[in-house]
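# Quick check, what structure comes out for this input:
(chains A and B, ligands or ions: 1)
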Amino acid sequence: MARMMYRDAIRNTIFQEMQRDERVVVLGEDVAGGMGTAGGPEAIGGIWSTSTGFYEAFGPDRVIDTPISESAIMGAAGGLALAGKRPVAEIMFADFIGVCMDQLWNQIAKFRYMFGGKSICPAVIRMPVGAGYNAAAQHSQMISQFVTNMPGIKVAMPATPADACGLLRQAIRDDDPVVFLEHKFLYGMKGEVPDDPDFTIPFGHARLARAGQDVTIVATGMMVGYAETAADDLAQDGIGCDVIDLRTTSPLDEEAILDSVEVTGRAVIVDEAPPRCSLATDISSLIAQKAFASLRAPVEMVTPPHTPVPFARELESAYLPSPAKIAAAVRKSLEYR
Amino acid sequence: MQLNREALTRAYRQMKLIREFEERLHEEIQTGEIAGFTHLYSGQEAVAVGVCEHLTERDKIVSTHRGHGHCLAKGCDLGGMMKEIWGSQEGLCNGKGGSMHIADIDKGMLGANGIVGAGAPIAVGAAISSKIDGPDADGKLAVSIAFSGDGACNQGTTFEAMNLAVVTKAPAIFVFENNHYSEHTGVDYAVGTNKDIASRAEAFGMKVWRADGTDFFAVHDTFREVLEYVRVPGNGPAAVEFDTERFFGHFEGDPQRYRGDGELDRLRAERDCLKIFRASVTGAKLLEDVDLDAIDTESLKAIEDAVAASRAAARPQPENVLENVYISY
Ligand SMILES: Cc1ncc(C[n+]2csc(CCOP(=O)(O)OP(=O)(O)O)c2C)c(N)n1
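Okay, here's the model as predicted:
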């Protein structure tokens, strides 16, 4: 086990996979960094520093700096994958998915189905998501709802460095297209990461981040840490929470959610995306359909309001879920009847 | 150079205000008081001012992530902009937008933009609207301007917008500010073909112009020709590429490792549009150094006041988050 940051877990994993499998290529804006400048390639190494050293190690054919052209990046990832490569594309901010939605939604997601199962499309699309940096409405969004809604796409949302490593390696080796949502706020988070070069985390298996009898909290990405903090606070008052980190939203580990709710009878779903037609509503409906008899209180959702992400510090913190808001939702659930 | 004293003074004041606005932000950002991403426009002032000095409030502009200069040049309130960047409830956008999303519709400023390449189609829409409204009493159309960087010209939206403008004969003007970098990547790498952006516009069937964007007079004179052409009903869109420089990093905090040795010092010494302006107007005896120095002092004071007012301005309240999503729901 080595202790490292989430961003380094990501970089090391891609680097190792590129060494292991020459079909793995990386593409995106500035991923080599500084091409065509006096500073030369590697002046940056990706704005998230998740590809530093790649250009030097693998050269321009496998570390492809692209112009600012998300449709071309997304579509090329699809084409590379259909033609036998294993692309890992970076969309600099998840918000820019808007620019290349067609290539993801109508093309990559649907190839296999439309082609009668005769193709594979092992493309990984990495996208930093989430708020917390006062970057306002076009650089802060959580897009879990869009991508989870696309049949044909698998969606991973690692909450720890170890999961970032295991899920990303799984994604690169997976024959299906995977959208990999990295929370910007987690890049600096440190944690233990297994050294095993074949360490993978199979998709569709949630992680129990905290165990408790009273309430089930379901979360993803940065919200997992918030839920853990809330659970720790509540534990001081003798309230026990199961905190379920979904890890992938597609496939979804329904069993982990339902098993927990059957014990606790109470559920709080935490999601950073706006509340309508979201993961939070999806999971609430799952519980309503399949664990209705176990429920002892209405399902609570902790989400931002149905608004874009605001800029000012005060507004962004009012917008985002927080440990305090999660704890309040847990208490509300417990107070029911 | 047919500008009178008043016009020259005004142009210099506008450029100087933008410069001081940016230089001051660069300092203030270090204090941690300003949140979010800020992209400074310093070095490119001659373009914003050389273009916007010709426009009226009927003309529209659409800006980029590097929008402060365009906003100020188009007449947005300096104090309101500063407060917005500070995240105040009194800011131009009530603290909801911040640096990257400043807009002032009444001034014909249809928004800075956090999405590269997103502005061009919006500008074309506004241009089509102007065409529908028809020419004024003098037979001239209001125009709509899309400011784009050398990086943005690689977006499909830019290509689509250019073609749509040509097809609809909309009075749109694509102003390409080539500062040689898109984030950390050089224009020599990222723009294919002959590294020239204007020729792309030409390929869409547009009339194009090119000029040195560090020379206010080159920008101003060139843009006058562009404008005269596009204001004529039936002529349709045009494009212009200005060669320019940016003096700060891509964003505030960018270590600029992609720059060459001594590059910034050289640019500041040789390619500073304010110095170039000063040298040419004093050289031609149109204005004296004292006149310009007075403007410098006045600009500094204006920025000082705006910063003090921003510090003191009302902060947004949590319930403000819910406002302005819809007019009614
Ligand atoms: C669709 C989209 N892709 C990427 C980005 C990230 N980004 C912001 S500014 C920028 C560079 C823009 O370069 P250019 O158009 O040359 O403008 P300049 O920064 O030089 O003024 C990039 C890549 C973005 N904001 N939007």
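
# all strands of the stretch 201-329 of chain B, in order?
For the stretch 201-329 of chain B, applying DSSP state E, counting those that start in this stretch gives strands covering B:207-212, B:238-243.

# Would you mind finding the most buried of those?
Burial of the strands of the stretch 201-329 of chain B is given as mean neighbour count (mean count of other Cβ atoms under 10 Å in any protein chain shown); strand B:238-243 ranks first at a mean of 25. Where C-beta positions appear, they are placed from N, C-alpha and C, glycine not excepted.

# Identify the residues contacting the residue nearest to B:Ala190 when sequence neighbours are not counted.
Nearest residue to B:Ala190, sequence neighbours excluded (Cβ to Cβ, 6 or more residues apart in numbering or on different chains): A:Pro67, at 4.4 Å. A:Pro67 is in contact with A:Glu29, B:Gly151, B:Asn154, B:Ser182, B:Thr185, B:Ala190, B:Val191, B:Gly192, counting by Cβ atoms under 8 Å, 6 or more residues apart in numbering or on different chains.

# List the contacts of the residue lying closest to the second one once chain neighbours are set aside.
Spelled out, it's B:Gly151. Closest residue to B:Gly151 apart from its sequence neighbours, by Cβ to Cβ, 6+ apart: B:Ser182 at 2.4 Å. Going by Cβ under 8 Å, 6+ apart, B:Ser182 touches A:Pro67, A:Ile68, B:Val116, B:Gly149, B:Asp150, B:Gly151, B:Ala152, B:Asn154, B:Ala190.

# re the thing from before, would you format the strands of the stretch 201-329 of chain B as JSON lines with mean pLDDT included?
Shown next, in JSON lines, are the strands of the stretch 201-329 of chain B (pLDDT from 0 to 100):
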{"stretch": "strand B:207-212", "mean pLDDT": "98"}
{"stretch": "strand B:238-243", "mean pLDDT": "98"}
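
# Of the contacts of A:Pro67, select the buried ones using a PyMOL command.
Here is the PyMOL command that selects only those of those that count as buried (16 or more other Cβ atoms under 10 Å in any protein chain shown):
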select buried, (chain A and resi 29) or (chain B and resi 151+154+182+185+190+191)
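
# Of the contacts of A:Pro67, which ones also sit close to the ligand?
A:Glu29, B:Gly151, B:Ser182 (Cβ under 6 Å from any ligand atom).

# which phi and psi does the last one have?
The one in question is B:Ser182. When read as degrees, to the nearest 10, the backbone of B:Ser182 gives phi -120, psi 110.

# hey, what's it bridged with?
B:Thr185 (DSSP bridges).

# Can you pull the poorly scored residue ranges out of the stretch 51-200 of chain B?
In the prediction, the stretch 51-200 of chain B carries no residues with pLDDT under 70.

# And the most centrally placed residue in chain A, what's its pLDDT?
Nearest residue to the geometric centre of chain A (Cα atoms, centre = their mean): A:Met157, 2.2 Å. Looking at A:Met157, its pLDDT reads 98.

# count of residues packed around the residue nearest to A:Ala156 when sequence neighbours are not counted?
Distances taken as Cβ to Cβ, 6+ apart put A:Leu167 closest to A:Ala156, at 4.4 Å, once the chain neighbours are dropped. Neighbourhood size, A:Leu167 [other Cβ atoms under 10 Å in any protein chain shown]: 28.

# Against B:Lys74, how distant is B:Ala170?
Counting by Cβ to Cβ, to the nearest Å, the separation of B:Ala170 from B:Lys74 is 19 Å.

# next one: A:Thr220
From A:Thr220 to B:Lys74 the distance is 42 Å (Cβ to Cβ).

# how about stretch A:311-331: buried residues?
Under 16+ other Cβ under 10 Å, the buried positions of stretch A:311-331 are A:311-312, A:314-316, A:318-323, A:325-327, A:329-331.

# Among these, name the ones in helices.
Counting by DSSP state H, the part of those found in helices is A:Glu314, A:Leu315, A:Glu316, A:Ala318, A:Tyr319, A:Pro323, A:Lys325, A:Ile326, A:Ala327, A:Ala329, A:Val330, A:Arg331.

# Please look at A:Pro128 and A:Phe180 and confirm they touch.
No. In terms of Cβ atoms under 8 Å, A:Pro128 does not count as a neighbour of A:Phe180; the distance is 9.9 Å.

# who has more neighbours, these two?
A direct count of neighbours by other Cβ under 10 Å for A:Pro128 and A:Phe180 places A:Phe180 higher, at 27 against 23.

# Quick one: the helices in the stretch 101-250 of chain B, in order.
Remark: helices assigned in the stretch 101-250 of chain B by DSSP state H, counting those that start in this stretch are B:119-133, B:156-168, B:187-190, B:198-203, B:216-230.

# Select, out of the ones you listed, the one closest to A:Lys190.
Closest to A:Lys190 of those, according to Cβ to Cβ: helix B:187-190, at 34.9 Å.

# Now find how far off-centre that closest one is within its chain.
22 Å (Cα atoms, centre = their mean, to the nearest Å).

# For it, list every residue counted as buried.
So for helix B:187-190, counting by 16+ other Cβ under 10 Å, buried means B:Val187, B:Tyr189, B:Ala190.

# possible to save the residues you listed as TSV with distance to A:Glu228?
Below are the buried residues of helix B:187-190 laid out as TSV (distance: Cβ to Cβ, whole Å):
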residue	distance to A:Glu228
B:Val187	46
B:Tyr189	44
B:Ala190	43
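
# Name the residues linked to the residue in the stretch 51-200 of chain B that the ligand sits nearest to by a beta bridge.
Going by Cβ to the nearest ligand atom, the ligand is nearest to B:Gly149 of the stretch 51-200 of chain B, at 2.2 Å. Beta-bridge partners for B:Gly149, by DSSP bridges, are B:Glu177.

# If we check chain B, which of the buried residues of stretch A:311-331 are in contact?
A:Phe311, A:Ala312, A:Glu314, A:Leu315, A:Ala318, A:Tyr319 (Cβ under 8 Å from any Cβ of the partner chain).

# burial count for residue 254?
Since you didn't name a chain, this refers to chain A. By other Cβ under 10 Å, neighbour count at A:Glu254 equals 15.

# Sorry, I should have been clearer: chain B.
17.

# Show the contacting residues for it.
The contact partners of B:Asp254, by Cβ under 8 Å, 6+ apart, come to B:His184, B:Phe248.

# Roughly how far does it sit from B:Ser148?
Relative to B:Ser148, and taking Cβ to Cβ, B:Asp254 is found at 20 Å.

# Likewise for B:Tyr181?
B:Tyr181 is 14 Å from B:Ser148, by Cβ to Cβ.

# same question, A:Pro251
41 Å.
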